[in-house]
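> everything below, folded, please.
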Amino acid sequence: MTDLIFSIIIPVYNAETTIRRCLDSFTNQRFSDYEILLINDGSTDNSDAICREYADVNSKICYLSKENVGVSSARNLGLEQAKGEYVLFVDSDDYVSEDYFDVINQALTLCCPDLLMFGMANTEVEKRTWITGVYQEIEELNIARRIADAMKQYLFSSLCSKVFKRKIIENNGLRFRTDLSIGEDQLFIFSYAMHIRSISSIDALLYNVDVSNENSLSRKGRHYLTGQLMEVNRRMYAAYHATEHSPESAHYYEAGLAWMTYRSAYSCCKELLKFNCSAKQRRREIRKICKLYRAEKIKPVGWKCWCIALPVRMRWSRMIDLLICCKSKRRNARL
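Numbering: from 1, shown residues only. Purely as a prediction, here's the structure:
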């Protein structure tokens, strides 16, 4: 058994303004059985010098620098180098709580789950928190139900609010898809979940998300979003079909997948708000997006899923446009 309990993988790209805060949140921890794999993905700012500065004085930090290929490639390099029993992922512009390792280690000691989920907070801008509740499950049906419920929440898609067993990752050859620029973390999480036999969740807020980065891709219009998200959905269905499930468990997984598929259609439509176009042009594009999703022939499961699926399947562009505009105004009012 390895002496290291945790491997923390942190991809870095042009993070000179945030990486110190991120690393300081780890070096101030009381817990000591961990390593930090700091992967510089071809930064062009002062990130390299800062990372080397921390690695030179802290033996727990392993610093690797590579050419810019993307965050998935950086995470995969981290997985290849990881030695800990458990793997966690952290973004270079975020930071963790003071009791991050203590709380996680205590939860793992109690029940040793294959997947542990914990809460996230964004207290600096939107002042929001995301938690999944408290539970421990080892029965296949209950695991499927918990995963399906989580898939209907934002937190499921967050890579940084979970603890993974490295053994499961390696035994099943799981890696991040480098041909995807969005949704690759969501696909990794779901593919991993298809191989677990236990799951736990704690309501501790251990991870703080920084959404103030003006250079974030999520703040810019992405023309490629629809094609990428549809490909993610297809690969999630492929991962689901590649593993065996009881009929009862299959119902829950199909419900979660259908929900994520139709929710992603709204994400694609909402992206149109970032472009300088008229309402008429936006609705025309919404109809195109709906047509593409309708062609996937994904059957909604449950009345709530039907509520979000029906406008997409019927190509009700005015209704969808109204919904995304109202949601955007509410979010802007919180900022």
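> quick check: mean pLDDT across stretch 279-287?
Computed over stretch 279-287, the mean pLDDT rounds to 95.
> an error on my part: the question was meant for stretch 207-226.
Stretch 207-226 shows an average pLDDT of 65 in the prediction.
> same thing with stretch 80-97?
Averaging pLDDT along stretch 80-97 yields 96.
> pull out the buried positions in it.
By neighbour count on 16 or more other C-beta atoms under 10 Å, the buried set for stretch 80-97 is 82, 84-97. (C-beta placed from N, C-alpha, C; glycine too.)
> who touches stretch 45-59?
For stretch 45-59, the surrounding residues in contact (C-beta atoms under 8 Å, 6 or more residues apart in numbering) are 12-16, 19-20, 23, 27, 36, 38, 40, 61-63, 65, 92.
> of those residues, which belong to helices?
19, 20, 23, 27 (DSSP state H).
> could you pull up phi and psi at the residue lying closest to the last one once chain neighbours are set aside?
Meaning residue 27. Nearest residue to residue 27, sequence neighbours excluded (C-beta to C-beta, 6 or more residues apart in numbering): residue 58, at 6.2 Å. Main-chain dihedrals, residue 58, degrees, to the nearest 10: phi -130, psi 110.
> quick one: the helices in the stretch 1-150 of the chain?
According to DSSP state H, counting those that start in this stretch, the stretch 1-150 of the chain carries its helices in the segments 19-27, 47-57, 71-81, 100-111, 140-151.
> could you dump those helices into TSV with distance to residue 182 added?
Listed next are the helices of the stretch 1-150 of the chain as TSV, based on distance: least, C-beta to C-beta, whole Å:
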stretch	distance to residue 182
helix 19-27	22
helix 47-57	22
helix 71-81	10
helix 100-111	27
helix 140-151	17
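> and those: which comes nearest residue 159?
helix 71-81 (8.4 Å; C-beta to C-beta).
> and for the closest one, what are the contacting residues?
7, 9-13, 37, 39-41, 62, 64, 66, 87, 89, 166, 169, 175-178, 180, 184.
> same question, stretch 100-110
Counting by C-beta under 8 Å, 6+ apart, 5-6, 25-26, 29-31, 34, 86, 88, 97, 116, 118, 163, 200, 202, 204, 206-207 sit against stretch 100-110.
> give me the buried entries from those.
Buried, going by 16+ other C-beta under 10 Å: 5-6, 25-26, 29, 34, 86, 88, 97, 116, 118, 163, 200, 202, 204, 206-207, out of these.
> domain assignment for this protein?
Domains of the chain are assigned by automatic domain parsing as 6-217, 221-334.
> among the ones you listed, show me which one is buried the most.
domain 6-217 (a mean of 18; mean count of other C-beta atoms under 10 Å).
> and that domain, how far from the chain's centre?
Centre-to-centre, domain 6-217 and its host chain are 9 Å apart (C-alpha atoms, centre = their mean, to the nearest Å).
> returning to that earlier point: and the ones in helices among the contacts of stretch 45-59, which is the shakiest by pLDDT?
Least confident entry in the ones in helices among the contacts of stretch 45-59, by pLDDT: residue 27, with 87.
> mind naming the longest strand for the chain?
Selection of the longest strand in the chain by residue count, based on DSSP state E, yields strand 199-208.
> does the closest residue to residue 75 other than its chain neighbours sit in a helix, a strand or a coil?
Among residues not flanking residue 75 along the chain, residue 176 sits closest, at 5.0 Å (C-beta to C-beta, 6+ apart). Of the three states, residue 176 takes coil under DSSP: H, G, I helix; E, B strand; the rest coil.
> ok, residue 176 touching residue 191?
No - counting by C-beta atoms under 8 Å, residue 176 does not reach residue 191; the two are 9.9 Å apart.
> show me the shaky parts of the stretch 51-200 of the chain.
123-128, 132 (pLDDT under 70).
> circling back: could I get the longest strand of the chain in CSV with only the CA atoms?
What follows is strand 199-208, C-alpha atoms only, in CSV (Å, rounded to 0.1, in the frame of the first residue of the first chain):
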residue,chain,number,x,y,z
ILE,A,199,-20.6,6.3,-2.9
SER,A,200,-20.7,8.8,-0.1
SER,A,201,-21.4,12.5,0.3
ILE,A,202,-20.6,15.0,3.0
ASP,A,203,-22.1,18.5,3.4
ALA,A,204,-18.8,20.2,4.3
LEU,A,205,-17.9,23.2,2.1
LEU,A,206,-14.3,22.4,1.3
TYR,A,207,-13.7,24.0,-2.1
ASN,A,208,-13.9,27.6,-3.0
